[in-house]
Every structure is written in C-alpha cells, then in structure tokens.
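Q: just the structure for this:
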Amino acid sequence: MKNTKELRTWLDDMNLDHPLVVAGPCSAETEEQVLNIAHQLKDSDVNYFRAGIWKPRTRPGNFEGVGALGLKWLQKVKAETGMKTATEVANANHVKLALEHDIDLLWIGARSTVSPFIVQEIADALNGTDKIVLVKNPVNPDLALWLGGIERLYTANIKNLGVIHRGFSTYEKTKYRNIPEWQIAIELQNRFPDLPLICDPSHITGNREMIFDVSQTALDLNFDGLMIETHFDPENAWSDAAQQVTPKTLIQIMDDLRIRKPTDTEADYRAELESLRTQINVADSQLIDILGKRMKVSDKIGALKKEKNVAVLQSKRWNEILGNMILEGESKGLSEEFVLKMFKAIHQESINHQEKIIKK
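A: Okay, here's the model as predicted:
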C-alpha cells in the first residue's frame with residue numbers, strides 16, 4: 001500500500017466532531033431486541049449500528065446467530081432510525097447477502113483474518129465495492145498477517161478500508177479476555193498513519209466494567225473510533241453477556257471520555273505528547289507484567305533449590321546473564337551502566353524471593 005492517504009477519505013468525509021462509534025448487540029437475537037437497542041441509540045453519537053448475524057462460536061452447541069433473517073432486521077433499523085448498519089462477514093455468501101441488503105459497513109473477524117484463503121475469498125466477493133470494510137486483527141499477535149489482509153482487500157480495488165484492534169488470544173490468564181498488545185497497534189499506526197484505526201474494547205476486556213478505561217487508552221493513542229457491544233439487557237444476552245453495556249451506559253461512556261481535539265500548534269504538541277506518554281504507560285505496564293512473571297519463575301527455582309539443598313546464589317550463572325544482557329542492551333541503545341543497575345536490582349529481588357522460600 002504505497003498511497004494510504006486515500007484510505008482516510010471515508011472517515012474524513014464524515015466530518016465528525018467525536019470519534020467514530022460503532023455500537024449494537026453482539027448478536028441479533030430477535031427483531032424486537034434489535035429495534036429496541038437501535039431506537040435507544042439513534043439520537044446518540046453512534047454512527048453505525050452493528051449486530052452479529054452469523055456467530056459461529058469457539059465450540060459448537062451455543063447460539064450461532066439467526067443468519068440472513070437478521071439482515072432484514074438491520075434494514076428496518078436503517079428505515080426507522082436513519083442509522084447506517086454494520087455486520088461481520090466470513091465468506092463470499094455472507095458478502096453477497098450483506099450487499100443485497102445494503103449493509104453499509106462490513107468487517108472481517110479475527111478468526112477469519114488468520115486465513116489468507118478466507119480473506120482472499122472475501123476480497124474477491126467485494127471487488128470494487130464502495131462499502132466500508134474493516135479488518136480485525138488476527139487472534140494471534142501477527143502484524144504481517146493483519147496487514148496482509150488489508151493488502152488483499154486493497155488489491156481488490158476496495159479503498160474504503162480500516163482496521164479494528166480487538167486484542168490477541170493468550171494461553172495465560174490475565175485480566176483481559178484478549179490481551180491488548182498495544183505495541184502492535186502502535187506499530188501499525190506508525191507504518192500506516194492514514195489507515196483508520198478502531199478499537200474494540202468489548203473483546204479486549206470481556207468485562208463491561210473495563211470498557212471505559214480501555215476506550216480512553218485507545219483515544220489517548222490516537223485511535224479513530226470505538227466498536228462497543230451494546231444490549232438493553234446485557235445479563236441475559238444470548239452471547240458475550242459479560243462484555244456488553246446498556247445504551248444508557250454507552251452514552252455515559254462517550255460523555256465521560258476525554259477526547260483531545262488539536263486546534264493549534266500548542267494543542268498539536270500536547271496531543272502528541274499525551275499519545276507518547278500513553279505509549280510509555282503501556283510499555284511500563286508490560287514491564288511490570290514481565291517482571292512479575294520472572295519472579296514467579298524465581299519462586300519455582302527457589303523451591304527446587306530448597307528440595308535439592310542447593311545454594312541460592314550461583315555466581316557463574318549470574319555472570320553469564322549479565323554479560324549477555326549487556327550485549328543485548330547495547331544493541332537496543334541502552335548503556336552498560338543502565339543495564340548493570342537494572343539487572344542487579346532484578347537479580348537482588350530474585351534472590352530475596354528464593355531466600356524467603358528456602359527459609360520457610
């Protein structure tokens with residue numbers, strides 16, 4: 001993608017005074033449910049009403065969507081509220097049906113993005129369309145795969161493109177449903193600053209109580225918009241109940257978010273500074289998380305040493321680590337003095353952890 005400025009055209013043409021907002025239920029359940037939510041959102045900042053029509057689950061047996069019938073409900077949403085509509089497509093037939101029902105925005109889900117075959121099939125079916133097409137990041141943290149999906153669509157002469165950051169799967173238990181790995185979205189943004197970038201805090205968090213904080217972080221990182229799952233009765237939703245918010249809560253979230261609007265040189269500076277500081281906050285949080293994991297491994301080493309009656313301090317091992325880290329630090333632009341101070345502090349904390357276990 002050599003000239004990506006044209007990709008911002010659809011977003012710039014909207015001339016919004018707030019971030020783009022795509023909201024609606026995870027799944028279209030009934031016609032009444034869809035229209036109820038839409039009417040509660042029609043006078044808000046929501047630009048596109050979303051609803052999942054085809055919902056294959058991770059494991060079969062759960063509710064998997066109402067299918068093409070739901071597209072008629074989205075048509076009613078547009079007719080009755082004036083809101084534009086959005087849904088996920090996962091194959092060429094989905095694309096055909098969505099276009100027949102004049103859905104305004106289509107997105108490719110994370111499980112589809114992992115397969116170049118699927119993305120190519122969708123790109124071929126959408127060839128030349130003027131509909132907006134957004135690509136969610138793949139479930140695994142692979143920037144090249146994510147960009148590959150965009151490139152396939154761009155090559156198919158689809159210019160109204162954008163991406164959705166919805167977090168990445170991990171086998172580790174964290175406070176997130178899908179860990180943000182903000183640095184991947186930041187790298188994409190740095191490489192293609194004209195590619196509209198939307199955050200999906202619902203799938204990142206899996207928890208409605210965390211939606212606001214993740215949304216604010218996204219806006220501080222200069223994301224262009226948010227996709228937030230919204231249901232009039234979240235607790236009884238047929239899918240992803242824990243991460244959906246009520247229309248009233250969504251409207252309050254949008255009111256409470258701090259949205260920075262640069263209007264002059266000083267404002268530009270402050271907005272960029274705040275974005276960079278948010279990137280540092282993200283990196284600092286990752287550092288703490290990694291150090292916490294390191295200390296858990298140290299605890300296991302301490303337990304093993306206690307069992308085998310081995311001394312805590314292993315000087316040869318320590319010197320090897322230090323030498324390797326100094327060399328690696330230099331390759332990253334870090335001074336030897338800094339690396340020595342940092343790893344001496346980490347090493348001392350590891351010793352403290354192991355001694356506590358041995359003394360138990």
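Q: show me the protein divided up by domain.
A: In the assignment given by automatic domain parsing, the structural domains of the chain cover 5-259, 267-359.
Q: those: lowest mean pLDDT?
A: The weakest mean pLDDT among the domains of the chain belongs to domain 267-359, with a mean of 87.
Q: in the protein, which spans are helices?
A: For the chain, the helices defined by DSSP state H cover 9-14, 31-41, 69-81, 92-100, 110-113, 116-126, 143-155, 182-191, 201-205, 211-220, 247-256, 265-308, 315-331, 336-359.
Q: as TSV, those helices with mean neighbour count and distance to residue 48 would be great.
A: All C-beta atoms are positioned from the backbone trio N, CA, C, and that covers glycine. Conversion of the helices of the chain to TSV gives the following (neighbours: other C-beta atoms under 10 Å; distance: least, C-beta to C-beta, whole Å):
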stretch	mean neighbour count	distance to residue 48
helix 9-14	14	10
helix 31-41	19	10
helix 69-81	17	10
helix 92-100	17	13
helix 110-113	22	19
helix 116-126	18	17
helix 143-155	19	18
helix 182-191	17	20
helix 201-205	26	15
helix 211-220	20	16
helix 247-256	17	13
helix 265-308	13	25
helix 315-331	12	45
helix 336-359	14	46
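Q: residues touching residue 23, list them.
A: 41, 46, 48-50, 227-230, 247, 250 (C-beta atoms under 8 Å, 6 or more residues apart in numbering).
Q: mind listing the residues bridging to it?
A: residue 49, residue 228 (DSSP bridges).
Q: what sits against the nearest residue to residue 52 once chain neighbours are set aside?
A: Of all residues beyond its chain neighbours, the one nearest residue 52 is residue 27 (4.5 Å), with distances taken as C-beta to C-beta, 6 or more residues apart in numbering. With C-beta under 8 Å, 6+ apart as the criterion, the residues that contact residue 27 are 51-52, 55, 63, 65-66, 237-240.
Q: top of those by number of neighbours, please.
A: residue 51 (30 neighbours; other C-beta atoms under 10 Å).
Q: correct me if wrong: it contacts residue 34.
A: Yes - counting by C-beta atoms under 8 Å, residue 51 sits close enough to residue 34 to count as a contact (5.8 Å).
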